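1. what shape does this take:
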Amino acid sequence: MSNWKSNDVFLLVTAHPDDEAMFFYPTIHHILQTTTCTTSHKSNVHLMCLSTGNYDKLGTIRSKELMIAASLLGLCSDNVYVMDDARFQDGPKEIWSSEILSGVIEDCIQTRILRRSQPPDNTTDNADVVVRIITFDQYGISGHRNHIDTYAGVRHLVQRTNSSFSRRKRQQQQQQQQASGGNAKTWNVHIQGWELITVGMLRKYCILLDFVIVNVWPMIWTAIMFLLGNNLVKQANNNCQTNDDEKAAANNMLDGELVIIAFDPLLVWKAMAAHYSQFVWYRRLSVVFSRYTYCNVLREIR
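-> Presented below is the predicted three-dimensional model:
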């Protein structure tokens, strides 16, 4: 899966309880398969929900439902963080500040997630640790304002922490921690963001059409390119010196997009049913027919 590794730290950031089951199951499934090949790395998978979903005054109930659903999906309950912040309340008219939100996410990473996560094997001082954040894209899948603001907050964090000024600041902080903490180890934390791509209504609910677009069309295009430019293909293959993991990851990549497929609609149904206060008839239909039950296409946030 791209260059994702089992000792990376993964953080799924959602806006409301039920987003994780409704939209992100294929990604959760694949991450867990990647990281739980050794049980010590299961603590590297985290879920942060930015609100309790209190729009209908059911925030307490929905928070409990999220814990049950997350457990069904294979997440550790201690790695699920439900925020109840007055600045980030559920509602299509609520505006969440991307700057404030990025700070809240970063604080969660530093004070909770990195403390619980397993460091890379044979970690030494100043070892690199990659935190991969997965969230919505700028269209929010369903167009919900909170989803879009969630993306904006993650994007703000990614761009801010990857700036040269921020890197220098982190290095200074690490030096101060080493000076005050004696032999305490420090990590060079790199934050990378991934967005779940929104598709139109027809592709979202027409599974067969979406399967053709995601899976069949790339094979047809590859065949055309092979017939028209066999020499170019050979030259490209010779120029790409990749190891086995990178070659396997390349098979899942399409124009820089990461395609993840998982087929377990019964599990998604159970996870959504755990959100019983929200499991109305149209969400039941969505579990069966939505492409996000079976397929996630991710793109790195730049």
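
2. who does the helix or strand encompassing Leu285 touch, helix- and strand-wise?
-> According to DSSP states H and E, Leu285 maps onto helix 281-289. Applying 3 or more CB pairs under 8 Å, 6 or more residues apart in numbering; DSSP states H and E, we find helix 281-289 packed against helix 19-23, helix 265-274. Placement of C-beta: from N, CA and C, glycine included.

3. following it, which helix or strand comes up?
-> Moving toward the C-terminus from helix 281-289, the next helix or strand (DSSP H and E) is strand 295-300.

4. got the buried residues for that following strand?
-> 295-298 (16 or more other CB atoms under 10 Å).

5. now stretch 57-74
-> 58-59, 61-70, 72-74.

6. what's the closest of those to Ile207?
-> The closest of the buried residues of stretch 57-74 to Ile207 turns out to be Leu73 (CB to CB; 20.8 Å).

7. quick check: the gap between the closest one and Ile261.
-> Distance, Leu73 to Ile261, by CB to CB, to the nearest Å: 16 Å.

8. skipping adjacent residues, who's closest to Ile100 in space?
-> Arg87 (6.1 Å; CB to CB, 6 or more residues apart in numbering).

9. tell me the centre residue of the protein?
-> Compute the mean C-alpha point of the chain, and by CA atoms, centre = their mean the closest residue is Ile134, 2.0 Å away.

10. pretty sure that one sits against Asp8.
-> No: at 11.5 Å, Ile134 and Asp8 do not qualify as touching, with contact defined as CB atoms under 8 Å.

11. Phe88: how many residues sit nearby?
-> By other CB atoms under 10 Å, 22 other residues sit near Phe88.

12. sec struct for it, please.
-> State at Phe88, reduced to three classes by DSSP: H, G, I helix; E, B strand; the rest coil: coil.

13. got the contact list for it?
-> Shown in contact with Phe88 (CB atoms under 8 Å, 6 or more residues apart in numbering): 50-51, 94, 96, 101, 104, 146.

14. could you do Leu267 as well?
-> Here Leu267 is in contact with 25, 72-73 (criterion: CB under 8 Å, 6+ apart).

15. now swap in Gly59 and tell me
-> 51-53, 84, 90.

16. please apply the same query to Phe263.
-> Counting by CB under 8 Å, 6+ apart, Phe263 touches Tyr294.

17. just the pLDDT for it.
-> Looking at Phe263, its pLDDT reads 92.

18. same thing with the one 4 residues further on?
-> The predicted local confidence for Leu267 comes out at a pLDDT of 98.

19. ok, it to Ile61 distance?
-> For Leu267, the distance to Ile61 (CB to CB) stands at 22 Å.

20. again, but for Ile68
-> 11 Å.

21. show me the shaky parts of the stretch 1-150 of the chain.
-> Low-confidence segments of the stretch 1-150 of the chain (pLDDT under 70): 1-2, 36-42, 118-127.

22. can you show me the helices along it?
-> In the stretch 1-150 of the chain, the helices defined using DSSP state H, counting those that start in this stretch lie at 19-23, 25-35, 59-72, 98-108, 114-116, 140-143, 145-161.
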